[in-house]
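>>> Using only what follows, build the 3D model:
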Amino acid sequence: MVYRHPSIVHHFCVRVWCTVSQDYDKTGLLLEILSGLENDVSNKHLNRSEDDMADAIRRHLKGKPYLIVLDDVWDMEAWDSLKLSFPDDKSGSRILVTSRNENVASQIIPQSQTLHHLRSLTDEESWKLLQMRISFEEGCPPELVARGQAIAQRCKGLPLTIVTVAGLHSNMETSGWEEVEESLNKSCTPALDQWKETIELSYRHLPDYLKPCSLYFGAYKEDQRIRVRELLERWIAEGFVERTAGGCVEDVAEAYLTELVQRNLVMVAERGSRGKIKFCMLHDLLHEFYKEKSIGDHFLQRLHGSELGTSAEPNMSYRLFIDSSREEDVAEPKQVFPYLRTLFIPNNNDNSSWDERHRRGILYKFCRSKLVRVLDCWGMGFFDIFPRVVLQLAHLKYLRLGIGAELFMLTPLIVNLSSLEILSVVDAPATVLCCQIL
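Okay, here's the model as predicted:
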């Protein structure tokens, strides 16, 4: 990868890669850049203003040759909100912007420069990439070469399609290659749409135990770095992971994720010191597929917070994910949720100013469904004291929330949650208590 090439590392004293995406958050982007500059992933900058973080970024970069990569910029607003943070000291610095919108890219670069358009792979390059990602131990068997080359050609030079097809073949008997080739040959869609049919084909070939795990990614935001420990805990609490006699359910969940990575349906974003996956993420096209598939199959429902107060009709969703956790965006629900099993209100770095009465009123409405098994309300900020309404949830297995009370005060309360297996409590901006309850 060019970003990690030794000559690039030697030339630029500072390098930061930041994924912008379609639904960008300026505060989050500034926080990501600042954390990258300081090589610090803690939450110590959470309470800083945007102007303060922008000034800090300028001070870090001033006088140094730096490389900033802004990946997947969708509109000029995102660029305009960040560009003043990058000083132009004529020190050999570079800002690399990627965009799928040529009009956006042409407005960003100076008139004296030209755009670099990524070309499609040739048939030969496609076949080489397909073999590389399948990882044949002794090269492609001769009897599969012709069929493999035909499959590579049908991918129309799109790397994501090739990688996805390779993942489909990684655990497939040679007899299955013919089926894949026939499926691709039936596709008459343009090249830029074919990825969707290829991913659908790969999804259909997943074992049944991996399908709900993969659909769960539809709950996360585009380009989000997903903390693996929390993801696996939720899979377990949801009942997706098989519990075997004498086996460790956490190891089984980790094996599920590893299999999805091997099938090229999930990317490793970061590994820990022992080689285990610490953070994962999705290609944005894969994320779009999971998002559409999970909603289309009624696996989950995504709502903007403001939509909660628009209807009094009962909401029949099993899993509900709130896209915004800013207090002004979240209305108190008028609906009832008789079948709700999962409620997820993610943190968006702007949750500290919620009114206590407002957050308790919202939580009370959701907790009227006594069937909730997974409750993540950290996006609602810090409760002054533990919300006792949660104690009504007899089936609750996973609980994540922020609380201002002393942690020792939780003990006499959580013992009443007889089904609780995993408790994750944030009691201060930089302190997290996460434990399993046996």
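
>>> drop to CA atoms for contacts and neighbour counts, all remaining ones
Noted.

>>> any idea how far residue 218 is from the most centrally placed residue in the chain?
Closest residue to the average C-alpha location of the chain: residue 224 at 3.4 Å, with CA atoms, centre = their mean. Spatial separation of residue 224 from residue 218 under the definition CA to CA, to the nearest Å is 11 Å.

>>> how many neighbours does residue 106 have?
Residues within reach of residue 106, counting by other CA atoms under 10 Å, total 14.

>>> what's the answer for residue 68, then?
Neighbourhood size, residue 68 [other CA under 10 Å]: 19.

>>> Work out for me the element it sits within.
Residue 68 is part of strand 66-71 when elements are defined by DSSP states H and E.

>>> Partner strands of that strand, with direction?
Counting by DSSP bridges, the strands paired with strand 66-71 are strand 14-19 (parallel), strand 94-97 (parallel).

>>> which one of these lies closest to residue 420?
strand 14-19 (35.8 Å; CA to CA).

>>> Tell me the spatial nearest neighbour of the residue nearest to the centre of the chain, not counting adjacent residues.
Distances taken as CA to CA, 6 or more residues apart in numbering put residue 281 closest to residue 224, at 6.1 Å, once the chain neighbours are dropped.

>>> close enough to count as contact, residue 149 and residue 125?
No - using CA atoms under 8 Å, residue 149 is not in contact with residue 125; the gap is 10.4 Å.

>>> who's more crowded, the two?
A count of neighbours by other CA under 10 Å puts residue 149 above the other of residue 149 and residue 125, at 18 against 15.

>>> Contacts only, for the more buried one.
123, 127 (CA atoms under 8 Å, 6 or more residues apart in numbering).

>>> Okay, now the unreliable bits of the stretch 51-200 of the chain?
For the stretch 51-200 of the chain, the stretches flagged by pLDDT under 70 are 111-112, 135-138, 168-195.

>>> if you set the cut-off to 90 instead, what comes out?
Low-confidence segments of the stretch 51-200 of the chain, defined by pLDDT under 90, are located at 51-53, 63, 71-84, 88-92, 95, 97-121, 123, 126-200.

>>> Which parts of it are helices?
In the stretch 51-200 of the chain, the segments counted as helices under DSSP state H, counting those that start in this stretch are 76-82, 102-108, 123-134, 142-154, 159-169, 176-185, 191-204.

>>> Among these, which comes closest to residue 402?
With CA to CA as the yardstick, what comes closest out of these is helix 76-82 (30.2 Å).

>>> Return the distance of that closest one from the chain's centre.
When C-alpha coordinates are averaged (CA atoms, centre = their mean, to the nearest Å), helix 76-82 and its chain have centres 22 Å apart.

>>> got the contact list for the residue nearest to residue 224?
So residue 281 contacts 223-226, 266-269 (CA under 8 Å, 6+ apart).

>>> For it, grab phi and psi.
phi -160, psi 180 (degrees, to the nearest 10).

>>> Next one: residue 415 from residue 421, what distance?
Going from residue 415 to residue 421 by CA to CA gives 11 Å.

>>> Settle it for me: which of those two has more neighbours?
Taking neighbours as other CA under 10 Å, residue 415 and residue 421 compare with residue 421 leading, 17 against 12.

>>> Per-residue pLDDT of the more buried one, please?
Turning to residue 421, the model gives it a pLDDT of 89.

>>> sorry, back to before: return the most buried member of the helices of the stretch 51-200 of the chain.
Compared across those, helix 159-169 shows the largest average neighbour count, a mean of 23 (mean count of other CA atoms under 10 Å).

>>> Could you name the helices and strands sitting against that one?
Judged by 3 or more CA pairs under 8 Å, 6 or more residues apart in numbering; DSSP states H and E, helix 159-169 is in contact with helix 123-134, helix 191-204.

>>> any chance of those helices in a markdown table, with distance to residue 291 too?
Below are these laid out as a markdown table (distance: least, CA to CA, whole Å):
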| stretch | distance to residue 291 |
| --- | --- |
| helix 123-134 | 25 |
| helix 191-204 | 12 |
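
>>> Throw the helices of the stretch 51-200 of the chain into TSV and include distance to residue 253, thanks.
Formatted as TSV, the helices of the stretch 51-200 of the chain follow (distance: least, CA to CA, whole Å):
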stretch	distance to residue 253
helix 76-82	37
helix 102-108	41
helix 123-134	24
helix 142-154	32
helix 159-169	19
helix 176-185	27
helix 191-204	18
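
>>> what about those helices, which gets the closest to residue 386?
helix 76-82 (38.3 Å).

>>> now what about the closest one, what contacts it?
So helix 76-82 is contacted by 20, 24, 26, 30, 73, 104, 107-108 (CA under 8 Å, 6+ apart).

>>> returning to that earlier point: so which of the contacts of residue 281 would you say is closest to residue 297?
If you rank the contacts of residue 281 by distance to residue 297 using CA to CA, residue 266 comes first, at 20.2 Å.

>>> Distance of that closest one relative to residue 290?
Residue 266 sits 11 Å away from residue 290, going by CA to CA.

>>> which of those two has more neighbours?
For the pair residue 266 and residue 290, the greater number of neighbours falls to residue 290 (23 against 20), based on other CA under 10 Å.

>>> Who's the closest spatial neighbour of that one, skipping the chain neighbours?
Setting aside the residues directly before and after it, residue 290 is nearest to residue 218 in space (CA to CA, 6+ apart), at 4.8 Å.

>>> and that neighbour, how many neighbours?
Look at residue 218: counted by other CA under 10 Å, it has 24 neighbours.

>>> Let me see the confidence value for it.
You'll see residue 218 listed with a pLDDT of 92.

>>> isn't residue 294 right next to residue 215, touching?
Yes - using CA under 8 Å, residue 294 is in contact with residue 215, at 5.3 Å.

>>> A helix includes residue 230, no?
Yes - assigned with DSSP: H, G, I helix; E, B strand; the rest coil, residue 230 falls within a helix.

>>> pLDDT value on it, please?
With respect to pLDDT, residue 230 has a value of 91.

>>> Name the residues of the host helix or strand of residue 212 that are buried.
Following DSSP H and E, one finds residue 212 within helix 211-215. Applying a neighbour-count criterion of 16 or more other CA atoms under 10 Å, the buried positions in helix 211-215 are 212-215.

>>> closest to residue 255 among the residues you listed?
Closest to residue 255, out of all of the buried residues of helix 211-215 and judged by CA to CA, is residue 213, at 11.6 Å.

>>> Give me the distance between that closest one and residue 319.
Distance, residue 213 to residue 319, using CA to CA: 13 Å.

>>> mind listing the strands for this protein?
Under the criterion DSSP state E, the chain contains strands at 14-19, 66-71, 94-97, 226-227, 267-271, 277-281, 301-303, 319-322, 342-344, 374-376, 382-383, 398-403, 422-428, 431-436.

>>> who wins for proximity to residue 364 among the helices and strands packed on helix 159-169?
Comparing those by CA to CA, helix 191-204 comes nearest, at 37.4 Å.
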